[in-house]
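S.K.: starting from these lines, generate the structure:
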Amino acid sequence: MKNLFSVAFLFAIFFSVKSYSQSGDYGVTAGYNNFILSASVDQIPGSGSDGSSGYYVGVYGDFDLGDKFSIQPELQFGQVFNNGETGEMLLLPVMFKYYLVDRFNIQAGPVLDLILGNEEEEINDFGLGFGFGGAFDINEELSLTTRYSVGITNRTPDLTASTVLGGTFDINSRFDFFQVGLSYKF
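M.R.: Below you'll find the model as predicted:
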């Protein structure tokens with residue numbers, strides 16, 4: 001239910017921005033997707049991480065909010081591969097863009113992600129992250145984009161580890177994403 005509410009909230013924001021914006025464009029995007037699982041154990045220094053590589057494809061809207069500002073909500077499907085296993089996810093980045101110069105912008109904003117087909121009960125399917133990056137407009141239709149999303153939510157809030165001496169420690173994990181891709185504006 002919480003996931004459905006979050007998706008509905010994003011679409012409400014999308015349509016609110018669309019009605020406020022001075023102009024808007026739509027397009028498709030695709031590229032390389034690197035999924036990074038970072039884990040740490042309370043009271044123990046250091047942490048570990050593991051990555052999986054794959055691709056993403058999606059659609060986006062880009063709506064002007066002023067001369068140099070715009071907002072770009074996206075809906076992406078991502079697939080990653082690691083040791084013969086496949087993982088799938090939906091990503092919902094909402095990037096606020098600022099054009100430093102005519103063809104180069106920096107971006108930042110929330111990124112919601114939903115892991116599809118998760119069979120492990122101790123991992124939350126839904127997460128929130130903060131994304132940042134930049135894009136270069138090659139021409140009027142084509143852009144090169146790079147982005148990193150840092151996971152904010154703990155994806156394993158109920159996972160603990162026991163020690164030999166009988167103590168327990170919480171295991172915290174988050175999902176980060178790194179993307180490089182091309183966007184085509186209609």
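
S.K.: and the spatially most central residue of the chain, how far from K97?
M.R.: What sits nearest the mean C-alpha location of the chain, by C-alpha atoms, centre = their mean, is V111, with 4.2 Å. Between V111 and K97 the distance is 14 Å, computed by C-beta to C-beta, to the nearest Å. C-betas here are computed from N, CA, C, even on glycine.

S.K.: for I123, same thing?
M.R.: Distance of I123 to K97, computed by C-beta to C-beta: 32 Å.

S.K.: dig out what F130 forms beta bridges with.
M.R.: P110, V150 (DSSP bridges).

S.K.: point out where the chain drops to low pLDDT.
M.R.: Across the chain, the ranges flagged by pLDDT under 70 are 1-23, 42-49, 160-167.

S.K.: now do 80
M.R.: Counting by pLDDT under 80, the chain contains low-confidence ranges at 1-24, 38-51, 118-123, 157-172.

S.K.: now do the strands in the protein.
M.R.: 24-41, 47-64, 69-82, 85-101, 104-116, 126-137, 142-151, 160-162, 168-185 (DSSP state E).

S.K.: returning to that earlier point: more neighbours: I123 and K97, which one.
M.R.: Between I123 and K97, counting by other C-beta atoms under 10 Å, K97 is the more crowded of the two (21 against 17).

S.K.: hang on, that one packs against E74?
M.R.: No: counting by C-beta atoms under 8 Å, E74 is not a contact partner of K97; they are 11.6 Å apart.

S.K.: name the nearest residue to F132, sequence neighbours excluded.
M.R.: A108 (4.4 Å; C-beta to C-beta, 6 or more residues apart in numbering).

S.K.: what's the answer for D176, then?
M.R.: D176 sits nearest to I36 (C-beta to C-beta, 6+ apart), 4.2 Å away.

S.K.: for that neighbour, name its beta-bridge partners.
M.R.: Residues in beta-bridge contact with I36 (DSSP bridges): G51, D176.

S.K.: just F69 next, same as before
M.R.: Y98.

S.K.: and if you look at the one 4 residues further on?
M.R.: Beta bridges link P73 to V94, judged by DSSP bridges.

S.K.: what's the separation between the residue nearest to F132 and V41?
M.R.: According to C-beta to C-beta, A108 and V41 sit 30 Å apart.
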